[in-house]
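**Student:** Dropping a prediction and its sequence here:
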Amino acid sequence: MEIILLENRPDLGHKDEIINVKDGYARNFLIPKGYAIMATKSARKVHDENQRQRAHKEEKIRNEAEKMAAKMDGIALSIGAKTSSKGKIFGSVNTIQIAEALTAKGFEIDRKDISLKEDAIKEVGKYSAIINLHKEVSVEIDFEIVGE
């Protein structure tokens, strides 16, 4: 039976894919749980129209993310932290402080979209982080931890 997935399923595929599964699996599990619908002729038409509209919106969002990435390219941040006399930070620097520093520079970035290359930053120095603006667009920024 052909079905259209309504959400991402790690064992089957991604949202809005049309896939073949066994009839019982579709009727008894996927459709009643709301994970999929049957791929009838009318459902396929609706699916195709939604895909077409979503592609237009997705392109617009990706273009905005690319513009923001171009603005952020080459930006350097300086984050202050309380340190000991040997240069060790009391605590650690994480994505929250980086997001706050970016907000001060005029970029509204959610801390969940920032990933650090190091696990924990506990010393003064220069580091870099990757900011995911879109699933296809990311930018790497450099930042420096300085003692206060």
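**Tutor:** Perfect, I can see it now. Numbers count the residues shown, from 1 in each chain.
**Student:** Now do the contacts for residue 119.
**Tutor:** Residues counted as contacts of residue 119 (Cβ atoms under 8 Å, 6 or more residues apart in numbering): none. C-betas here are computed from N, CA, C, even on glycine.
**Student:** how far away is it from residue 99?
**Tutor:** 18 Å (Cβ to Cβ, to the nearest Å).
**Student:** Tell me how far the spatially closest residue to residue 124 that is not a sequence neighbour lies from residue 123.
**Tutor:** Spatial nearest neighbour of residue 124, excluding adjacent residues (Cβ to Cβ, 6 or more residues apart in numbering): residue 87 at 4.6 Å. Distance, residue 87 to residue 123, by Cβ to Cβ: 6 Å.
**Student:** So those two - more neighbours on which side?
**Tutor:** Neighbour count, other Cβ atoms under 10 Å: between residue 87 and residue 123, residue 123 has more, with 16 against 12.
**Student:** Could you list everything that one pairs with in the sheet?
**Tutor:** Residue 123 has these beta-bridge partners by DSSP bridges: residue 88.
**Student:** Would you check that it makes contact with residue 88?
**Tutor:** Yes. Between residue 123 and residue 88 there is a contact under Cβ atoms under 8 Å: 6.0 Å.
**Student:** Mind naming the longest helix for this protein?
**Tutor:** Counting by DSSP state H, the longest helix found in the chain is helix 41-72.
**Student:** helices or strands next to that one in the packing?
**Tutor:** Applying 3 or more Cβ pairs under 8 Å, 6 or more residues apart in numbering; DSSP states H and E, one finds that helix 41-72 makes contact with strand 2-5, strand 138-147.
**Student:** Pick the most deeply packed of those strands.
**Tutor:** Comparing the helices and strands packed on helix 41-72 by mean neighbour count (mean count of other Cβ atoms under 10 Å), strand 2-5 ranks first with a mean of 19.
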